[in-house]
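Trainee: My questions concern the predicted model and sequence given below.
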Amino acid sequence: MTSFEPTIIAFVCNWCTYTAADLAGTSRLTYPKNIRLIRVMCTGMVDPQYVIKAFLEGADGVLISGCHPGDCHYINGNFKARRRVKLLKEILPRFGIDARRLRLTWIGASDGIQFAGIMGELVAQTRELGPMLPDLRMVI
Ligand code: FES
């Protein structure tokens, strides 16, 4: 029996979550290799089209992760991201994509342990959801 290994695209803020990922690495913490990090300057610059494109290009899950509310280096970028994710979670099921495939988290720069833990949890949850159906990608 082959086990499904999901591919997860993670848009991570340069100032917080990316730094936490770096810290996890330098602390020799392990996290699943299924995560593909895309460093952005702020979660507020993650256009909803990036999320849709990630699913179209084969992602089984998408994560957006940045600074905690109030800590955004661009004042309110993470609040913009939160509003966009809320909207996307309403839209995705209309295209047959389970809204649980999209996650938003806040992981601060010093949260390397939390980063590794959330990545493990995310991969396990996406594995339970199973692969995206290839024909759904054609519909969108
Ligand atoms: S700078 Fe990190 S979310 Fe805006």
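Mentor: That came through fine. Numbering: from 1, shown residues only.
Trainee: what residues are up against the residue nearest to L104 when sequence neighbours are not counted?
Mentor: Of all residues not flanking L104 in the chain, V85 sits nearest, at 4.4 Å (C-beta to C-beta, 6 or more residues apart in numbering). Where you see a C-beta, it was placed from the backbone N, CA and C, and this is true even at glycine. Contacts were defined as C-beta atoms under 8 Å, 6 or more residues apart in numbering; by that measure V85 touches 64, 102, 104.
Trainee: Now do the residue lying closest to A109 once chain neighbours are set aside: how many residues are near it, please.
Mentor: Excluding the flanking residues, the one nearest A109 by C-beta to C-beta, 6+ apart is T19, at 3.9 Å. A count of neighbours around T19, defined by other C-beta atoms under 10 Å, yields 21.
Trainee: T19 is in what secondary structure piece?
Mentor: Counting by DSSP states H and E, the element that carries T19 is helix 17-26.
Trainee: From what I see, M45 and G77 are in contact.
Mentor: Yes: contact criterion C-beta atoms under 8 Å: M45 and G77 qualify, at 6.9 Å.
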